[in-house]
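>>> Got a predicted structure plus its sequence, pasted below:
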Amino acid sequence: MKSAVLLTTSALAVLAAAQQTAYGQCGGQGWTGATSCVSGYTCTYSNDFYSQCVPGTAATTASTKTTTTKSTTTSKTTTTKTSTTKTSTTKTSTTKSTTTPIQTTLSTTTTAGPTTQVPSGSFTVEGFARNNPTGTISGGAGGSTTTVSAYAAFTSAVKSNTAKVVYVSGIITLTAKVKVGSNTSILGLGSNSGVTGKTLSLSSVDNIIIRNMKISEVKGDDLITISSSTRVWIDHNELFNGGLGNGPDYYDGQIDIIHASDYITVSWNYFHDHWKCSLVGNSDSNRAEDFGHLHVTYHHNYWKNMGTRGPAGRFGHQHIYNNLYEDYHYQAIHSRSDNQVLVEGNVFRGDTPEALSTYGLVIPMDSPNTCTCGDQELDGYANLGAANDWGSSTYNITRTGTFTSAGYSYNLTPLSSVESIVKAGVGVGKI
Ligand SMILES: *[C@@H]1O[C@H](CO)[C@@H](O)[C@H](O)[C@H]1NC(C)=O
Ligand SMILES: *[C@@H]1O[C@H](CO)[C@@H](O)[C@H](O)[C@H]1NC(C)=O
C-alpha cells in the first residue's frame, strides 16, 4: 500500500517553518499560517488580529504568540501573549512631541473591529459618521424633497437647517460658493448630475450627506470644504479637476476638513486628476482647536492620478481602509503634527512612490509655506491593521501610536478583492 499523506515530525517542522512572503500576514488571533517571513522581512505586530511581514530585520523573534498544548485527556490549548516578541521596529519613537496623544473613546452601539468579510463591500454608512457620540447620520431623511437643476434653485434648496432631501438633475454651474445647511441630503440623479465651478461649503453645520454627485473644476479653492462641522457622509461621488499640469496650488483641495470638524465618513468616491486631495487640519499652529477632533473614516475610495494628501492629517484620527491608490505621484497618506492614522487593507499601484509617511516634513511637492526645501512639523503616528498591498510603494513610519482599533465595527473587503471591488463600486451611477 502506498503511503497516502504521512507527515513525519520533520515534515511537520518544515511546514510550520514555511515563510510568509513580503507584506503577507504572519500572525494574529486565529492565524494558522506561517509566522516567519522571507529573508529581509520581519514579522511585525500591528494589533491582536494582525502581524505583517514588513521590510527589515528583527531584534527579536518573529512570532507574536506562543501556544502551549497541555496533554490532558481533553487536550486544552492555552494561548500566551508574549509582549517581548514585538519587534523593535514598531516601537521606535522620536520624542519630539511634548503632548501625549489622546485616544478618544467613542460610544459605540456595535462590537468593535472588523466582523464580516463582505466580498462586494457594503454601501451602508460605516465609520465615524455612523458611530459617534451624537448618533448615526441621517441627513435630510424624513424631510421635504425637491429636485433642482439650476444655480439659484440649488442654493436656496440647500441653505436651511430643517431636514430636506435635495435631488440634483444635471450638472449645475455654481457662480459663487454655496453654503449647505444642516440636516441635508444632496443626491445626484442618474450618472451625470452634480456641480461645477465653485465650492460646496459646509461651515458650522451638522448632519449632511452628499452622494452620487460629479463635483469638479474649482480654481484656487476646494471642491468641498468642511469647517467646524460634524457628521458628514461624502459617498459615491466623482471629484476631479484638470490634472496636475498647473502645479499644486492652481486648484486647492478636493475635500478639506478643518477647524475641529468631526465624525466624517468619505466612502466609495472616485478622486482623479488632481494634486492635493484631502487635508485634515489646515495648520500646525491650530493644535488647541483641532486636537482630539478630526475623526474621519476613508474607505473604498479610488484615487487615480493624484499628487499628495490622500489624506494628510494633523492632530486628529483617520481610519483608512480598503482604498485603491493608483498613480499617486508624490505622497499618498501623510500623518503629521501628532495626528494618528490606522491604515489597513489598502492597495497601492502604479507610480505611487510613497504610500504612507509619518515623518513631519511637509514635502516641497505639497506646497510648503516657508521654505522651498519643505516645512518641518512634528511627526505623526501610524498603525497598520489588516495587511495592505503596498505594491512597489515605500512607507516611512517613524512613530506607531495608540490608534490600533477604530472603535466600531465595519466590513473589511478581503485584500485580494479590493482592487476589483473598488473600481467597480466607486463614483456616480452605482447607487
Ligand atoms: C437638525 O434637525 C434636528 C432634528 O429635527 C434638530 O434638532 C436640529 O436642531 C437641526 N439642526 C440645526 C443646526 O438646526
Ligand atoms: C523617514 O523618516 C526619517 C525620520 O525618522 C527621515 O530622516 C527620512 O528622511 C524619512 N525618509 C523619507 C524617504 O522621507
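Received it, and whenever you're ready, just let me know what you need. Ligands and ions are numbered 1, 2, ... in the order given.
>>> who's in contact with residue 225?
199, 200, 201, 202, 203, 253, 256, 258 (CB atoms under 8 Å, 6 or more residues apart in numbering). C-beta: built from backbone N, CA, C; applies to glycine.
>>> Distance check, the residue most central in space within the chain against residue 416.
Closest residue to the average C-alpha location of the chain: residue 320 at 1.7 Å, with CA atoms, centre = their mean. Distance, residue 320 to residue 416, using CB to CB, to the nearest Å: 19 Å.
>>> Close to ligand 2: what parts of this structure are there?
Residues of the chain lying close to ligand 2 (CB under 6 Å from any ligand atom) are 357, 359, 396, 398.
>>> Selecting buried members of these in PyMOL, what would you type?
Restricted to buried positions by 16 or more other CB atoms under 10 Å, the PyMOL selection for those reads:
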select buried, resi 357+359+398
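>>> Which positions in the chain make contact with ligand 1?
Near ligand 1, when you scan the chain using CB under 6 Å from any ligand atom, you find 161, 163, 182, 183, 206, 207.
>>> Just the residues you listed: which are in strands?
206, 207 (DSSP state E).
>>> Max pairwise distance over the residues of the chain next to ligand 1: which two?
Farthest pair in the residues of the chain next to ligand 1 (CB to CB) is 163 and 206. Separation: 11.7 Å.
>>> For those two, list the residues in contact with both.
residue 183.
>>> Name the SS class of residue 153, please.
Applying DSSP: H, G, I helix; E, B strand; the rest coil to residue 153 yields a three-state assignment of helix.
>>> That one and residue 168, how far apart?
For residue 153 relative to residue 168 (CB to CB), the value is 10 Å.
>>> do the same with residue 373
44 Å.
>>> ok, these two, which is more surrounded?
Just comparing residue 373 and residue 168: by other CB atoms under 10 Å the higher neighbour count belongs to residue 168, 26 against 10.
>>> Would you agree that one is in contact with residue 193?
Yes. Applying CB atoms under 8 Å, one finds residue 168 in contact with residue 193, separated by 4.7 Å.
>>> list the residues that contact both of these two?
In contact with both residue 168 and residue 193: residue 213, using CB under 8 Å, 6+ apart.
>>> want to throw the residues of the chain next to ligand 2 into TSV with secondary structure and pLDDT?
What follows is these, written out as TSV (DSSP: H, G, I helix; E, B strand; the rest coil; pLDDT from 0 to 100):
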residue	secondary structure	pLDDT
357	strand	98
359	coil	98
396	strand	98
398	coil	97
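>>> I believe residue 234 is in a strand; please confirm or correct that.
Yes. Under three-state DSSP, residue 234 sits within a strand.
>>> so residue 418 is in which element?
Counting by DSSP states H and E, the element that carries residue 418 is helix 415-425.
>>> any idea how far residue 285 lies from residue 130?
32 Å.
>>> If you could redo that for residue 122, that was the one I meant.
For residue 122, the distance to residue 130 - CB to CB - is 11 Å.
>>> again with residue 340
Residue 340 is 20 Å from residue 130, by CB to CB.
>>> more crowded one of the two?
residue 340 (28 against 22).
>>> how about the nearest residue to the more buried one once chain neighbours are set aside, what does it touch?
Of all residues not flanking residue 340 in the chain, residue 403 sits nearest, at 4.0 Å (CB to CB, 6 or more residues apart in numbering). The contact partners of residue 403, by CB under 8 Å, 6+ apart, come to 103, 317, 319, 340, 341, 342, 381, 383.
>>> So if we follow the domain assignment, how does this structure break up?
1-64, 66-425 (automatic domain parsing).
>>> So which of those has the densest surroundings on average?
domain 66-425 (a mean of 20; mean count of other CB atoms under 10 Å).
>>> can you give me the offset of that one from its chain's centre?
On the basis of CA atoms, centre = their mean, to the nearest Å, domain 66-425 sits 5 Å off its chain's mean C-alpha point.
>>> At which residues are the helices of the stretch 151-300 of the chain located?
For the stretch 151-300 of the chain, the helices defined by DSSP state H, counting those that start in this stretch cover 151-158, 287-290.
>>> can you list those helices in CSV and add mean pLDDT?
Shown next, in CSV, are those (pLDDT from 0 to 100):
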stretch, mean pLDDT
helix 151-158, 98
helix 287-290, 98
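>>> Turn the ones you listed into a markdown table, including distance to residue 273.
Below are the helices of the stretch 151-300 of the chain laid out as a markdown table (distance: least, CB to CB, whole Å):
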| stretch | distance to residue 273 |
| --- | --- |
| helix 151-158 | 24 |
| helix 287-290 | 29 |
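>>> any weak-confidence spans in the stretch 251-400 of the chain?
The model of the stretch 251-400 of the chain has no residue with pLDDT under 70.
>>> let's see 80
367-369 (pLDDT under 80).
>>> go on, the stretch 1-150 of the chain?
Those would be 1-17, 20-32, 44-122, if you go by pLDDT under 80 across the stretch 1-150 of the chain.
>>> try 90 this time
1-34, 36-122 (pLDDT under 90).
>>> For the stretch 201-350 of the chain, give the residue positioned nearest to ligand 2.
residue 331 (8.7 Å; CB to the nearest ligand atom).
>>> Secondary structure element holding that residue?
Going by DSSP H and E, residue 331 is not in any helix or strand.
>>> list the contacts for it?
308, 309, 310, 312, 353, 354, 357, 363, 365, 366.
>>> go with 6 Å
308, 354, 363 (CB atoms under 6 Å, 6 or more residues apart in numbering).
>>> Next: residue 212.
By CB under 6 Å, 6+ apart, the neighbours of residue 212 are 187, 188, 236, 428, 431.
>>> Determine which two of the residues you listed are furthest apart.
Maximum distance among the contacts of residue 212 (CB to CB): 10.7 Å, for 187 and 428.
>>> on that earlier part again, which one of the contacts of residue 403 is nearest to residue 134?
Closest to residue 134, out of all of those and judged by CB to CB, is residue 317, at 16.4 Å.
>>> Quick check: bridge partners of that closest one?
residue 295, residue 340 (DSSP bridges).
>>> Could you check how far it is from residue 395?
18 Å.
>>> Residue 178 too?
Distance from residue 178 to residue 395, by CB to CB: 38 Å.
>>> and if you look at residue 199?
32 Å.
>>> surely residue 174 meets residue 198?
Yes. Counting by CB atoms under 6 Å, residue 174 touches residue 198, with 3.7 Å between them.
>>> Let me know the distance separating the residue of the stretch 201-350 of the chain closest to ligand 2 from residue 172.
In terms of CB to CB, residue 331 sits 33 Å off from residue 172.
>>> Over to residue 212?
For residue 212, the distance to residue 172 - CB to CB - is 14 Å.
>>> repeat for residue 233
Distance from residue 233 to residue 172, by CB to CB: 21 Å.
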